[in-house]
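*Asks:* requesting a structural model of the entry that follows:
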Amino acid sequence: MATDTYAGPEWARWLDSMEGVPEWPSPAKRKAPADWQKRVGKSFERLGELAPGMALAFGLAVAGERLAHWFGTAVLGFSHSPISAVPIAVLLGLLVRNAIGLPAVYEPGLKVCVRFLLRVGIVLLGLRLSLAAVSVVGLVSLPIIAVCIGTALIAVAKLGRAVGLPRRLSGLIAVGTSICGVSAIVAAAAAIDAKDDEVSYAVACVTLFGLLALFTYPFFAFWACGGDAQVAGIFLGTAIHDTAQVAGAGLIYQQQYDAPEALNNAAVTKLVRNTCMAAVIPMMAIAYLRNAQERKAGRMSWHQAVPLFVPLFVLAATVRTVGDLGEKPFGLLSTETWKEWLTAADKLSGWFLALAMVAVGLGTGLGKLRNLGLKPFGVGLAAALIVGGVSLGLLTIARTLGLIGGASP
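*Replies:* Numbering: from 1, shown residues only. As a prediction, this is how the structure comes out:
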């Protein structure tokens with residue numbers, strides 16, 4: 001029986017045959033990749049996932065800087081633009097997200113900007129401060145923070161009960177407003193066994209009023225605190241909800257009024273607030289859960305109670321303190337090189353914070369806020385005003401008594 005030459009698939013291999021061109025090996029002939037090749041391949045794969053979101057955030061940050069410079073010089077006629085680049089970049093992010101839409105491919109990179117670059121930027125801020133400065137700001141701000149937290153927890157609980165909000169939702173709004181924004185809400189939700197819709201409502205409140213504070217409080221603080229950067233920084237650190245929003249507001253104040261000490265004070269104050277989660281949230285679990293079994297089920301993890309970037313910030317301030325002690329920092333660097341490193345770290349911190357703020361804008365869908373409802377909206381607004389009012393009142397008293405004001409850490 002004659003064999004049909006074209007019955008098998010092998011004849012097709014000759015269709016692309018060209019003189020002098022080697023054939024690609026078939027998959028069966030390829031060597032299996034080594035372990036290091038697999039790890040490098042995974043790294044490239046991860047880089048491909050993060051690149052779109054991070055590139056978009058960087059592009060909008062640069063665009064915000066250029067627009068702020070152009071508007072301040074070409075439109076307003078100043079030689080140096082008085083317009084801060086951060087709010088312009090955040091507005092661009094909000095515009096892209098809510099007017100155009102954001103494909104899911106950008107989300108991994110944006111999450112890295114908010115969760116990782118923000119924290120690295122805050123840690124690098126520690127290199128601007130000595131341990132003595134951190135201690136002074138922490139001791140000054142701690143009583144104000146304690147009163148703000150206590151007032152918010154009591155007042156918001158009573159207000160929520162008066163308007164008929166669920167007890168746990170009122171508690172989440174109070175803890176998110178008074179301590180640490182979204183991070184505190186997530187930690188408290190795990191501790192008090194809150195429902196998913198209660199967490200969503202509380203996060204929406206904190207996001208909305210935190211964004212409003214981000215855009216308005218730096219300018220209000222300059223006016224209300226008489227241009228005193230130390231007092232303004234502590235106010236921003238106690239009155240604004242989320243860590244990212246505090247960092248952004250401090251950065252706006254620094255750029256707008258050439259006052260880096262405001263960002264320093266705001267960052268230290270906010271980190272002191274963050275550590276208060278370790279004390280407040282277990283107390284909430286005792287108050288909100290009925291028995292020991294429920295409290296054990298609602299236990300939070302240690303890294304939620306004290307975020308890792310808080311001790312790292314203190315470590316960075318320790319490095320700065322040790323480096324400034326001798327004429328030759330660490331016995332290795334010249335004074336000029338040490339200063340150049342500190343300047344580079346400061347610039348890198350500013351860029352990381354800017355990228356994080358752009359990512360916050362790109363991650364905020366305003367459509368979800370429309371479903372918030374009047375009662376949670378009213379309680380969230382009241383909580384924000386209570387914390388801000390108590391903070392400003394206590395700072396005004398302390399400033400009048402000469403306890404704070406005028407110092408630049």
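
*Asks:* what about V231, how many neighbours?
*Replies:* Residues within reach of V231, counting by other Cβ atoms under 10 Å, total 25. Every residue, glycine included, has its C-beta placed from N, CA and C.

*Asks:* which ones are touching the residue nearest the centre of the chain?
*Replies:* Closest residue to the average C-alpha location of the chain: A244 at 2.8 Å, with Cα atoms, centre = their mean. When contacts are counted by Cβ atoms under 8 Å, 6 or more residues apart in numbering, A244 touches 114, 118, 181, 356-357, 360.

*Asks:* these in helices, which ones?
*Replies:* Those of the contacts of A244 mapping onto helices are 118, 181, 356-357, 360, per DSSP state H.

*Asks:* got a winner among these for most neighbours?
*Replies:* Neighbour max across the ones in helices among the contacts of A244 (other Cβ under 10 Å) = M357, 32 neighbours.

*Asks:* would you confirm that that one contacts V86?
*Replies:* Yes. Taking Cβ atoms under 8 Å as the definition, M357 is a contact partner of V86 at 5.6 Å.

*Asks:* overlap of the contact sets of those two?
*Replies:* Going by Cβ under 8 Å, 6+ apart, residues that sit against M357 and also against V86 are 248, 251.

*Asks:* remind me what the strand or helix carrying E340 packs against, helices and strands.
*Replies:* According to DSSP states H and E, E340 maps onto helix 335-362. If contacts are counted by 3 or more Cβ pairs under 8 Å, 6 or more residues apart in numbering; DSSP states H and E, helix 335-362 sits against helix 35-70, helix 85-95, helix 107-112, helix 118-125, helix 243-257.

*Asks:* can I get the CA coordinates of the fourth one in PDB?
*Replies:* In other words, helix 118-125. Once non-C-alpha atoms are left out, helix 118-125 reads as follows in PDB (Å, rounded to 0.1, in the frame of the first residue of the first chain):
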ATOM      1  CA  LEU A 118       3.800  56.000  50.800                       C
ATOM      2  CA  ARG A 119       5.300  54.200  53.800                       C
ATOM      3  CA  VAL A 120       8.800  54.400  52.300                       C
ATOM      4  CA  GLY A 121       8.400  58.100  51.800                       C
ATOM      5  CA  ILE A 122       7.300  58.600  55.400                       C
ATOM      6  CA  VAL A 123      10.200  56.500  56.700                       C
ATOM      7  CA  LEU A 124      12.600  58.700  54.700                       C
ATOM      8  CA  LEU A 125      11.100  61.800  56.400                       C
END
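
*Asks:* tell me the buried residues in it?
*Replies:* Under the neighbour-count criterion of 16 or more other Cβ atoms under 10 Å, helix 118-125 has 118-125 buried.

*Asks:* following element in sequence after that helix, please.
*Replies:* Assigned by DSSP H and E, the successor of helix 118-125 is helix 131-163.

*Asks:* off-centre distance for that next one?
*Replies:* 20 Å (Cα atoms, centre = their mean, to the nearest Å).

*Asks:* OK, contacts around G150?
*Replies:* G150 neighbours (Cβ under 8 Å, 6+ apart): none.

*Asks:* re earlier: return the item of the ones in helices among the contacts of A244 having minimum pLDDT.
*Replies:* In terms of pLDDT, G181 ranks lowest among the ones in helices among the contacts of A244, with 75.
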